[in-house]
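K.L.:
Have a look at this prediction, sequence included:
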Amino acid sequence: MKKSWIGLLILAFVIGIAANLSLNNPTSTDVKNAQSQEALLEGSDGEMVNIFDNQDHRIRVIYFGFTRCPDVCPTSLAMLSAALKQLPQTELNKIRPIFITLDPERDSGDDAQKYAHYFHPNLEGFSGSLDTISTLAHRYGVIFQKTELKDSALKYTIDHSSYFYFLAPDGSLLQKVPHTLNPQPIIVAIEQLEKENQ
């Protein structure tokens, strides 16, 4: 009798451990889905877009900012635009420039898209949930925080780091270029990465 009870206890213990491992260790499919969720952003007309797609071989050039940014974002996107305008069409076709708002509370996908297109027609704009954007931003080391503004109609601003992130189609980081007042560093990075990926 004791042996059968011990056998049942051991069996229950083994089943419990197996169930725990199954629940706490996601499968590779779960991990892939979680990664693709992080890149699922809102474009114009509320369309959800996965910006990482291995079928699209273009190098992503991503800038994180927000549409009400008074100086750093407009300057950076103007430099990106100037760089894009200096590239020959063959090189331009190999990159996908993207603006992602860090202020989804005020910036919809439509807002981000309109803002991006103001600088260059190829520049795509995206918004999304704060969780999705935060996860994506932190993956690349983007630092940002909401700062209250007293006696201002804006109520708050977003303090953030300013870099251009060059990413492979699967989202892996290839290179990053800091805020610049000259488009040349962006052009050099694009040309270098295109040569490496030929």
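P.N.:
Structure's in. What do you need?
K.L.:
what domains does the record give for this protein?
P.N.:
2-35, 39-196 (automatic domain parsing).
K.L.:
Out of the ones you listed, which gets the lowest mean score?
P.N.:
Of all the domains of the chain, domain 2-35 carries the lowest average pLDDT, namely a mean of 41.
K.L.:
So which bits of stretch 127-143 are buried?
P.N.:
Across stretch 127-143, burial judged by 16 or more other CB atoms under 10 Å covers 127, 128, 132, 133, 134, 135, 136, 137, 139, 142. In this view, the C-beta of every residue, glycine as well, is placed from N, C-alpha and C.
K.L.:
Verify the contact between the second one and residue 42 for me.
P.N.:
Yes. Shown here, residue 128 and residue 42 form a contact pair, counting by CB atoms under 8 Å, at 5.0 Å.
K.L.:
all strands for this structure, in order.
P.N.:
40-42, 48-50, 59-65, 95-101, 124-126, 144-148, 156-160, 163-167, 173-178 (DSSP state E).
K.L.:
which one of these has the most crowded surroundings?
P.N.:
Burial of those is given as mean neighbour count (mean count of other CB atoms under 10 Å); strand 124-126 ranks first at a mean of 26.
K.L.:
for that strand, the distance to its chain's centre please.
P.N.:
11 Å (CA atoms, centre = their mean, to the nearest Å).
K.L.:
Please list the residues outside it that contact it.
P.N.:
Applying CB atoms under 8 Å, 6 or more residues apart in numbering, the contact partners of strand 124-126 are 41-44, 49, 51, 96-101, 109, 111-117.
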